[in-house]
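Got a predicted structure here, sequence first:
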Amino acid sequence: MGEFKHKDKNIENKKHVKNKTVAEKIFQETWDWLYSFEVIRKHKPLKINSKQDFLRRSQETGAGIGKKQLRKAFSIHCNSERYLRNAAKGGFRYDIDFNQDEEISEEHQQNFINALKEKKKFISRAKAYARRKEEKQRQYEKRKLENQQDRNKDNGSRLQFKPRKNNNSDIKIAVKKSRRG
């Protein structure tokens, strides 16, 4: 019987490799294709109905980007804080080739400002939750360490002999020590 060479090394290498699902690979390709456009890279406000332009360009170039993938990528991109900040400033919308299209209306600008406020609230709540969770973890670790130190003070003995009466006779029985002492 032959032995496997470097068996442990191969197992360690497999632990560190994360296989992406097909959907993740496809979405990464979509994202890479979208970021090849300057208007997307700079997070500038997009022209209304620009998804159709991107879909058309995808079909022309043979990139093979589908409607669902594009919709998901646009949802993530257009709800990013950087995009909302640029759109809330006002100015012009841009088309796929980074040409100025039309000016952002007051109503749309107000919608972008409101969306940005909501995004910031959500981010601050998420950060506060993370801080609370970290603090609870630190307190838990501190209590755990204190309990461990208390146990070490007892010389590691978890058994304590106490006299107990059993059938009217004095017999010492080993009883598990309670945590409270």
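Thanks, I have it.

switch to C-alpha atoms for all contacts and neighbour counts from now on
OK.

ok, and for the helix or strand containing Leu70, which residues are buried?
Here Leu70, judged by DSSP states H and E, is contained in helix 67-78. Within helix 67-78, the residues that count as buried by 16 or more other C-alpha atoms under 10 Å are 69-70, 73-74, 77-78.

name the helices or strands packed onto it?
Identification of packing neighbours for helix 67-78 by 3 or more C-alpha pairs under 8 Å, 6 or more residues apart in numbering; DSSP states H and E yields helix 22-34, helix 50-61.

Lowest average confidence across the ones you listed, which one?
Between the helices and strands packed on helix 67-78, the one with the least mean pLDDT is helix 22-34; it has a mean of 86.

Can you pull the domain assignment for the protein?
Domain assignment for the chain by automatic domain parsing gives 7-104, 134-176.

Burial check on Val39, number of neighbours?
19 (other C-alpha atoms under 10 Å).

An error on my part: the question was meant for Lys20.
Under the neighbour criterion other C-alpha under 10 Å, Lys20 is assigned a count of 9.

What strand or helix carries it?
Of the helices and strands defined by DSSP H and E, none includes Lys20.

what pLDDT does it get?
In the prediction, the pLDDT value recorded for Lys20 is 75.

thinking again about what came up before, nearest to Ser124, out of the domains of the chain?
Distances from Ser124 to each of the domains of the chain were compared by C-alpha to C-alpha, and the smallest falls on domain 7-104, at 12.6 Å.

Any idea how far the closest one is from the middle of the chain?
Remark: domain 7-104 is offset 19 Å from the chain centroid, using C-alpha atoms, centre = their mean, to the nearest Å.

what's the answer for stretch 134-147, then?
For stretch 134-147, the separation from the chain centroid amounts to 24 Å (computed by C-alpha atoms, centre = their mean).

hang on, isn't Lys119 packed against Arg82?
No: distance between Lys119 and Arg82: 10.6 Å, which falls outside the contact criterion (C-alpha atoms under 8 Å).

rewinding a little: please dump the helices and strands packed on helix 67-78 into CSV; it should also carry distance to Glu102 and mean neighbour count for every row.
Conversion of the helices and strands packed on helix 67-78 to CSV gives the following (distance: least, C-alpha to C-alpha, whole Å; neighbours: other C-alpha atoms under 10 Å):
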stretch, distance to Glu102, mean neighbour count
helix 22-34, 22, 14
helix 50-61, 12, 14
